[in-house]
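Asker: I need the structure of the sequence given here:
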Amino acid sequence: MAESSQFPYPPFELANRVLALPEEGEGAFRAYEEQGRETRERLLELLPEGTSLDGARILDFGCGAGRTLRQFIPDAGSCEVWGVDIDGRSVDWINRNLNPPLRAKKCEVDPPLDFEDGSFDLIWAVSVFTHLSGNSAEWLLELHRLLKPGGLLMATYMGEWNSEEIAGEPWEPDRIGMNRLFHDRAWDEGGP
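Answerer: Next comes the predicted model:
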């Protein structure tokens with residue numbers, strides 16, 4: 001089983017595009033790896049009990065240069081792992097350096113994505129919706145289209161420190177946060 005650290009890291013400018021890393025160098029990539037590993041652990045903790053990735057198709061919506069995506073390299077032998085991002089340089093880097101076992105496609109600012117209906121068992125969007133302006137509802141509908149029946153969408157938003165210090169936006173706890181909601185109900189019954 002391959003570990004993510006056995007694969008190359010992206011150039012600093014790609015790794016730092018969506019993450020405030022320490023100065024360029026080995027410490028920056030340790031932070032990059034650790035943040036990706038922590039995000040993976042948190043995503044897996046939020047899965048409903050008994051969920052298996054074996055045979056699953058997974059999509060990282062807004063994968064950047066693969067900070068979280070690369071943490072699923074050990075799983076890629078038993079499941080299919082995809083990423084999409086609007087940054088073509090990041091997508092090209094993933095496809096040149098992490099494919100196989102991972103795959104990535106460039107997407108546009110607006111939907112749709114180039115996948116068939118019901119393509120994925122699990123989709124996550126780590127802080128992507130924090131950065132969308134007027135088309136977040138369209139993207140939610142698009143990601144819903146891509147989910148298989150019973151599939152799960154997980155989306156995170158910036159927390160208080162990130163919102164105020166990085167984005168310069170006021171913290172509104174009633175509107176943003178990381179929650180697991182309705183994982184046991186179908187979309188049309190108020191679920192994900």
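Asker: which strand of the chain spans the most residues?
Answerer: Ordering each strand of the chain by length in residues (DSSP state E) puts strand 147-156 first.
Asker: Partner strands of that strand, with direction?
Answerer: For strand 147-156, the paired strands and their directions (DSSP bridges) read strand 120-126 (parallel).
Asker: Could I have the CA atoms of the strand it pairs with written out in PDB?
Answerer: Written as PDB, here are the backbone C-alpha positions of strand 120-126 (Å, rounded to 0.1, in the frame of the first residue of the first chain):
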ATOM      1  CA  PHE A 120     -20.100   9.000  -7.000                       C
ATOM      2  CA  ASP A 121     -20.700   7.400  -3.600                       C
ATOM      3  CA  LEU A 122     -18.900  10.100  -1.700                       C
ATOM      4  CA  ILE A 123     -18.200  13.800  -2.500                       C
ATOM      5  CA  TRP A 124     -16.500  16.300  -0.200                       C
ATOM      6  CA  ALA A 125     -16.000  20.000  -0.600                       C
ATOM      7  CA  VAL A 126     -13.500  21.300   1.900                       C
END
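Asker: Stretch 10-20 - what's its average pLDDT?
Answerer: The predicted model assigns stretch 10-20 a mean pLDDT of 82.
Asker: Please work out which residues outside it touch it.
Answerer: Residues outside stretch 10-20 that contact it (C-beta atoms under 8 Å, 6 or more residues apart in numbering) are 9, 21, 24, 28-29, 31-32, 35, 64-67, 87, 89-90, 93, 97, 127, 166. No exception for glycine: its C-beta is placed from N, CA and C like everyone else's.
Asker: repeat that with 10 Å
Answerer: 9, 21-25, 28-29, 31-33, 35-36, 62-67, 70, 85, 87, 89-90, 92-94, 97-98, 126-128, 131, 162, 165-166 (C-beta atoms under 10 Å, 6 or more residues apart in numbering).
Asker: Which among these count as buried?
Answerer: Neighbour counting with 16 or more other C-beta atoms under 10 Å marks 9, 21, 28-29, 31-33, 35-36, 62-67, 70, 85, 87, 90, 93-94, 98, 126-128, 162 as buried within the contacts of stretch 10-20.
Asker: Flag the shaky bits of this structure, pLDDT-wise.
Answerer: Counting by pLDDT under 70, the chain shows low-confidence ranges at 1-5, 19-20, 22, 133, 157-192.
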